[in-house]
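Enquirer: Predicted model follows, preceded by the sequence.
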Amino acid sequence: MRIATAAYPLDPFDKWEDYAAKQIHWVREASGAGADLLVFPEYGRIELATLQDAAGDLEASLHAASDLAEKADHLMADLAKGYGVHILCPSGPVFDEDRDRPVNRAWLLGPDADAPFIGHTDKQVMTRFEREHWNVVPGEPLEIFDTPLGKIGVLICYDAEFPLLGRRLVEQGAEILLCPSCTDSEKGYNRVRIGAQARALEGQCITVQSPTVGDARWSPAVDENVGAAGIYAPPDHGFPDDGILAQGVLNEPGWVLADIDLTAIARVRAEGQVFNHAHWPESHDRASQTDFP
């Protein structure tokens, strides 16, 4: 299969039709390049707040984006069906009925005309900004999505920096981990990138980072965006020496694509130079036996 991951610039919009046109353009472009799985970034849905003239206020932007989240998800579901692709939607704030504060949620969609909504992932660990300024909260536990493309897990931005979250998904069979991100500095981008590459090494799996890029001065939440889209693998048999399957230019908008053969994941887990995937329990056992004074 071919994976397309977006380095996605955030734009303000005056009307829904302009927002929809942008999504159609991006999906059409990736589909035209032969992509089967399209990955969009964290907090790409904050664009929706501009449609209600709320993006300049932290609290109002959460509610405004959440109000239009379902409409945006259905737009992307129609595109997934129409173009015959799987899509990880841009994440964004969602107020559930049983919570006073929003979660940061991304939906995974597929081309099945009868059931395009495969499932959603909520961010698990909040950054300092989300905790201290925006009051976005952790959502529902992680889960694995068993799709025709393979078993997929999602680690939203900061979550990719924590090995136990990635390991839990790998233990449930994940072959691909999607890592949408939104970072305001090169340091922040590299933290997520390094986390994604580490998860590929530990789990002997494919990881995919999709960042927001460029300035969005209309929003105090996402005013600066730094990153490069990338697709990573374990540096072992059948994969590049540096584990980089594809990587874009820093802060350059557009799609980055790579062809993936999941039999290569099964092969490296069975015949690799190392067995990180299989030996994780051994490392856990050894660490638990270490008794520090």
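Expert: Sure thing, it's come through. Bear in mind that the values here come from a model prediction, so they are computed numbers and not experimental data. Residues are numbered from 1 along each chain as shown.

Enquirer: number of nearby residues for the spatially closest residue to Ser31 that is not a sequence neighbour?
Expert: Of all residues not flanking Ser31 in the chain, Tyr83 sits nearest, at 4.1 Å (Cβ to Cβ, 6 or more residues apart in numbering). For the C-beta atoms, the positions are set from N, CA and C on the backbone; glycine is no exception. Neighbour count for Tyr83, taken as other Cβ atoms under 10 Å: 17.

Enquirer: ok, now His74?
Expert: If we define neighbours as other Cβ under 10 Å, then His74 has 14 of them.

Enquirer: can you start the count at 259 instead of 1 from here on
Expert: Yep, numbering from 259; the last one is His332 now.

Enquirer: measure it to Gly302 for me?
Expert: Per Cβ to Cβ, to the nearest Å, His332 is found 16 Å from Gly302.

Enquirer: Could you do Asn448 as well?
Expert: Separation of Asn448 from Gly302 (Cβ to Cβ): 20 Å.

Enquirer: out of those two, which sits in the busier spot?
Expert: Gly302 (27 against 14).

Enquirer: about what we covered before: check contacts around the residue nearest to Ser289.
Expert: Applying Cβ atoms under 8 Å, 6 or more residues apart in numbering, we find Tyr341 in contact with Val285, Arg286, Ser289, Pro369.

Enquirer: Would you agree the first one falls within a helix?
Expert: Yes - per DSSP: H, G, I helix; E, B strand; the rest coil, Val285 lies within a helix segment.

Enquirer: so what's it up against?
Expert: When contacts are counted by Cβ under 8 Å, 6+ apart, Val285 touches Leu296, Met334, Leu337, Ala338, Tyr341, Val343, Ile345.

Enquirer: filter those to the buried ones?
Expert: Burial by neighbour count, judged by 16 or more other Cβ atoms under 10 Å, picks out Leu296, Met334, Leu337, Ala338, Tyr341, Val343, Ile345 from the contacts of Val285.

Enquirer: Dump the contacts of Val285 into CSV; add secondary structure as well.
Expert: Output for those, formatted as CSV (three-state DSSP):
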residue, secondary structure
Leu296, strand
Met334, helix
Leu337, helix
Ala338, helix
Tyr341, helix
Val343, coil
Ile345, strand
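
Enquirer: Out of the residues you listed, which comes closest to Ala279?
Expert: Nearest to Ala279 among those, counting by Cβ to Cβ, is Leu337 at 11.7 Å.

Enquirer: mind checking how far the closest residue to Met334 other than its chain neighbours is from Glu444?
Expert: Leaving aside its sequence neighbours, Met334 sits nearest to Cys347 (Cβ to Cβ, 6+ apart; 5.0 Å). The spacing between Cys347 and Glu444, counted by Cβ to Cβ, is 26 Å.

Enquirer: got it, and Gly472?
Expert: Applying Cβ to Cβ, the value for Gly472 to Glu444 is 14 Å.
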